[in-house]
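Sequence and computational prediction follow.
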Amino acid sequence: MKKKDIKILLVDDEPDILEIVGYNLSQEGYNIVTASNGKEAIAMAKKELPQLIIMDVMMPEMDGIEACENIRKIPELNNIIITFLTARSEDYSQVAGFEAGADDYISKPIKPKLLVSKVKALLRRLKSDENKNPETITVGPIIINREEYKIIKDEIEIVLPRKEFELFYLLASKPGKVFKREEILDKIWGNDVIVGGRTIDVHIRKLREKIGDDYFKTTKGVGYKFEL
């Protein structure tokens, strides 16, 4: 996908942030659209279908966490990459962001060149997805459709945010194998995105809630595995 075909939605209630970030990304050749709060972000995402959303957390009318949760409930928007760009860097704020379905969390202030680099790293996932062959695997009562990001368990469809799906697919692709934390971070988030082990814990907890607690085994201090 060419840069001019990549649409990025910027969401922030500060016009200066929209202008500065939008300028730097548009200089890279990306197509930029903007919104000033969570409600506008949802409406704009439905209208524009961007590949990436960069969103602030603290905004009027509807904050970024709630907006992210709502976007993830809309099937045609479920595979959009979402990252928060915010001055709130506390652990609990980051955990809330990942639980809402975010793919990454970037703290303000950030230098324009570093932001552009992080955006390129996030968008490389689009290229990776394009190169993957359509594939459906079956593990016990669960059918995983890699092409459509769809999971069917006992004839019931389960919708997962992008990162949760990718993590589940990785673990379920080799039942019984212990995937070390470092391997999971590399395969799911990549070396260009800095996240901690706690991020994996959050995603595993959400998968346990949605898929079933018995399927996921934690090897303390080492990694995780999927078992039938």
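Nice, I can see it.

Measure how far the least confident helix or strand in the chain by mean pLDDT is from the centre of its chain, please.
The weakest-scoring helix or strand in the chain, judged by mean pLDDT, DSSP states H and E, is helix 112-131 (a mean of 79). On the basis of CA atoms, centre = their mean, to the nearest Å, helix 112-131 sits 12 Å off its chain's mean C-alpha point.

Check which helices and strands that helix sits against.
Other helices and strands packing on helix 112-131, by 3 or more CB pairs under 8 Å, 6 or more residues apart in numbering; DSSP states H and E, are helix 15-27, strand 52-55, strand 81-86, strand 104-107. All C-beta spots, glycine's among them, are computed from the backbone N, C-alpha and C.

rank these by mean pLDDT and give me the bottom one.
Of all the helices and strands packed on helix 112-131, the minimum mean pLDDT falls on strand 104-107 (a mean of 87).

Which positions within that one qualify as buried?
Using 16 or more other CB atoms under 10 Å as the test for burial, strand 104-107 gives Asp104, Tyr105, Ile106.

nearest to Tyr215, of these?
Asp104 (25.8 Å; CB to CB).

Which residue, other than its chain neighbours, is closest to the closest one?
Thr83 (4.0 Å; CB to CB, 6 or more residues apart in numbering).

which outside residues touch the least confident helix or strand of the chain?
For helix 112-131, contacts defined as CB atoms under 8 Å, 6 or more residues apart in numbering pick out 1, 6, 8, 20-21, 24-25, 28, 30, 51-52, 54, 81, 83, 85, 103-104, 106, 110, 190, 192-193.

next structured bit after it?
With elements assigned by DSSP states H and E, the helix or strand that comes after helix 112-131 is strand 136-139.

Mind listing residues that contact that next one?
Residues from elsewhere that reach strand 136-139 (CB under 8 Å, 6+ apart): Ile143, Ile144, Asn145, Arg146, Glu147, Tyr169, Ala172, Ser173, Pro175, Phe226, Leu228.

Make a ChimeraX selection of the buried ones in those.
To isolate in ChimeraX the members of the contacts of strand 136-139 that are buried, counting by 16+ other CB under 10 Å, one can use:
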select :143,144,145,146,169,172,226
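
Among the contacts of strand 136-139, which are located in strands?
Among those, DSSP state E puts Ile143, Ile144, Asn145, Phe226 in strands.

Which residue would you name as the spatial centre of this structure?
Asp103 (2.4 Å; CA atoms, centre = their mean).

From Ile156, how far off is that residue?
According to CB to CB, to the nearest Å, Asp103 and Ile156 sit 25 Å apart.

How far does stretch 79-94 stretch from one end to the other?
Using CA to CA, to the nearest Å, the end-to-end distance of stretch 79-94 comes to 20 Å.

about what we covered before: just name the most buried of the helices and strands packed on helix 112-131.
strand 52-55 (a mean of 26; mean count of other CB atoms under 10 Å).

counting contacts, what elements does that strand pack onto?
Secondary-structure packing of strand 52-55 (3+ CB pairs under 8 Å, 6+ apart): strand 7-11, helix 38-48, helix 64-72, strand 81-86, helix 112-131.

Enumerate the positions of the last one that are buried.
Translated: helix 112-131. Buried positions in helix 112-131, judged by neighbour count with 16+ other CB under 10 Å: Leu115, Val116, Lys118, Val119, Ala121, Leu122, Leu123, Arg125.

circling back to that earlier point, just put the helices and strands packed on strand 52-55 in a markdown table and tack on distance to Gly221.
Below are these laid out as a markdown table (distance: least, CB to CB, whole Å):
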| stretch | distance to Gly221 |
| --- | --- |
| strand 7-11 | 38 |
| helix 38-48 | 38 |
| helix 64-72 | 30 |
| strand 81-86 | 29 |
| helix 112-131 | 28 |
